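J.: got a predicted model here, sequence first, then my questions.
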Amino acid sequence: MTRAPRPLPPSLADEIVASAEALRRGAAPDRLRRSDAHHPFHGVVSFGQRPRATVDRAWAYTQVMHADAWFSNTTAAALRGLPVPRALERGPLHVTVPTHARAPRGAGVVGHQRNIAAPACETLLVRSSRAELLPLRVATIGATLLTSATQLSLADMVALVDAARQVDDEGALGDIYRMLERSSRRAGSANLRRAVARSRAGVRSRPESHLRLLLASAGFPDPEVAPAIATPVGTLHPDLAWPQYHVLVEYEGDDHRTDARTFALDIERFDAFGDVDWATVRCTSRDLYAQPRRVLESLARRLRARGWRPSRPPRLSIPPVAVP
């Protein structure tokens, strides 16, 4: 006859704690081996739902994290709400310690030991999947981007810098330049410098950053980002535009197709652009990440029809700039 599990102390219900702390609060040792006791990291136990979101996993790891450690690389970017490729966001947590400490090891964690000039981290309140605000030690925005640059392609680094500037343009650039000045020879610094040089203020999403880079690599003139266009329905801000030619490009995420309200607003929006004689090109995820030629050809036709005379024709047969 199987013995019923001993009840869990009320203070541990739906909690994530160090295993030693669970025992101290009165949990029986065999209770930590039950099916509802998850162990996301060595020495950590979660009762109830398994932590899956980056912030929940980060909070779980703080139960055993070194006092001087901080979340870095793409983990820090995800905790800050910056766009990270899905595969990396779901991957192991990146944790950095100063040179006097030992880099963490173990399943679910990638440890780093770096001598980055202070300040390299700060405590942020990050909202969990249960809407709780959790205090986490996270790399500063400059250190986040510098450490992420060791993992990401140039296109994704540009998207990361664009997103950081969208949150706080002056503050983000200031911290990036300070970090580059203090860590000029560190891994990732060259990639971050190139990304900053290609970054633009006002870009509102990772695909829009990728789209701008795709058009630049094809040889199109540099567009304005989200310029103001007066229309009969008010002032609108397209993703990318060439005001001298009255041509614009809009990236259409999947929600533009599946959400009825967004779809209706799109119809009104593009009618309004047409009312003031703007030619539009609409770009989907498939165009950007699989077969960009259609968008490149459409844009070339519209720009030429409005007077664009390039010194050399754009490159229409180029691979996608990045992957989702």
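T.: Yep, that arrived.
J.: the lowest-mean-pLDDT helix or strand in the chain: what's the following helix or strand?
T.: Taking mean pLDDT, DSSP states H and E as the measure, the chain has helix 255-258 as its least confident helix or strand, at a mean of 52. The first helix or strand that comes after helix 255-258 along the chain, using DSSP states H and E, is helix 260-275.
J.: burial of residue 265, as a residue count?
T.: Here the count is done by other C-beta atoms under 10 Å, and residue 265 has 13 residues near it. C-beta here means a position set from N, CA and C on the backbone, and glycine is covered the same way.
J.: strands of the stretch 1-150 of the chain, residue ranges please.
T.: Assignment of strands within the stretch 1-150 of the chain using DSSP state E, counting those that start in this stretch yields the ranges 16-18, 37-38, 44-47, 70-71, 93-97, 109-113, 121-127, 133-139.
J.: for the last one, packing partners?
T.: Read it as strand 133-139. Strand 133-139 makes packing contacts with helix 54-62, strand 70-71, helix 73-79, strand 121-127 when contacts are defined by 3 or more C-beta pairs under 8 Å, 6 or more residues apart in numbering; DSSP states H and E.
J.: try 10 Å this time
T.: Secondary structure elements in contact with strand 133-139, counted by 3 or more C-beta pairs under 10 Å, 6 or more residues apart in numbering; DSSP states H and E, are helix 54-62, strand 70-71, helix 73-79, strand 93-97, strand 121-127, helix 141-148.
J.: kindly reformat these as CSV and extend each row with mean neighbour count.
T.: Conversion of these to CSV gives the following (neighbours: other C-beta atoms under 10 Å):
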stretch, mean neighbour count
helix 54-62, 23
strand 70-71, 28
helix 73-79, 28
strand 93-97, 25
strand 121-127, 15
helix 141-148, 29
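J.: next up, the contacts around the residue nearest in space to the middle of the chain.
T.: Among the residues of the chain, the one closest to the centroid is residue 83, at 1.3 Å (C-alpha atoms, centre = their mean). Contacts for residue 83 (C-beta atoms under 10 Å, 6 or more residues apart in numbering) come out as 77, 89, 156, 159, 160, 162, 163, 205, 206, 207, 209, 210.
J.: that one and residue 209, how far apart?
T.: Distance, residue 83 to residue 209, using C-beta to C-beta, to the nearest Å: 8 Å.
J.: shaky segments in this structure?
T.: Flagging of the chain using pLDDT under 70 yields the residue ranges 1-6, 116-118, 254-260, 262-263, 321-324.
J.: please name the nearest non-neighbouring residue to residue 176.
T.: Closest residue to residue 176 apart from its sequence neighbours, by C-beta to C-beta, 6 or more residues apart in numbering: residue 142 at 4.8 Å.
J.: so what's the one you found up against?
T.: Applying C-beta under 10 Å, 6+ apart, one finds that residue 142 lies in contact with 116, 119-120, 164, 171-183, 192.
J.: before we move on, back to that, any chance of the contacts of residue 83 in JSON lines, plus secondary structure?
T.: Written out in JSON lines, the entries for the contacts of residue 83 read as follows (DSSP: H, G, I helix; E, B strand; the rest coil):
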{"residue": "77", "secondary structure": "helix"}
{"residue": "89", "secondary structure": "helix"}
{"residue": "156", "secondary structure": "helix"}
{"residue": "159", "secondary structure": "helix"}
{"residue": "160", "secondary structure": "helix"}
{"residue": "162", "secondary structure": "helix"}
{"residue": "163", "secondary structure": "helix"}
{"residue": "205", "secondary structure": "coil"}
{"residue": "206", "secondary structure": "helix"}
{"residue": "207", "secondary structure": "helix"}
{"residue": "209", "secondary structure": "helix"}
{"residue": "210", "secondary structure": "helix"}
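J.: out of those, which comes closest to residue 35?
T.: When these are ranked by distance to residue 35 (C-beta to C-beta), residue 89 comes first, at 27.1 Å.
J.: circling back to that earlier point, find residues that contact each of residue 83 and residue 209.
T.: Residues touching both residue 83 and residue 209 comprise 156, 159, 160, 162, 163, with contact defined as C-beta under 10 Å, 6+ apart.
J.: re earlier: could I get the helices and strands packed on strand 133-139 as CSV with distance to residue 231?
T.: Shown next, in CSV, are the helices and strands packed on strand 133-139 (distance: least, C-beta to C-beta, whole Å):
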stretch, distance to residue 231
helix 54-62, 39
strand 70-71, 44
helix 73-79, 36
strand 93-97, 45
strand 121-127, 36
helix 141-148, 35
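J.: what's the closest of those to residue 216?
T.: Closest to residue 216 of those, according to C-beta to C-beta: helix 141-148, at 20.5 Å.
J.: now do the same end-to-end measure for stretch 95-106.
T.: For stretch 95-106, the first-to-last residue distance is 11 Å (C-alpha to C-alpha, to the nearest Å).
J.: what's the answer for stretch 229-248, then?
T.: Stretch 229-248 end-to-end distance (C-alpha to C-alpha) = 10 Å.
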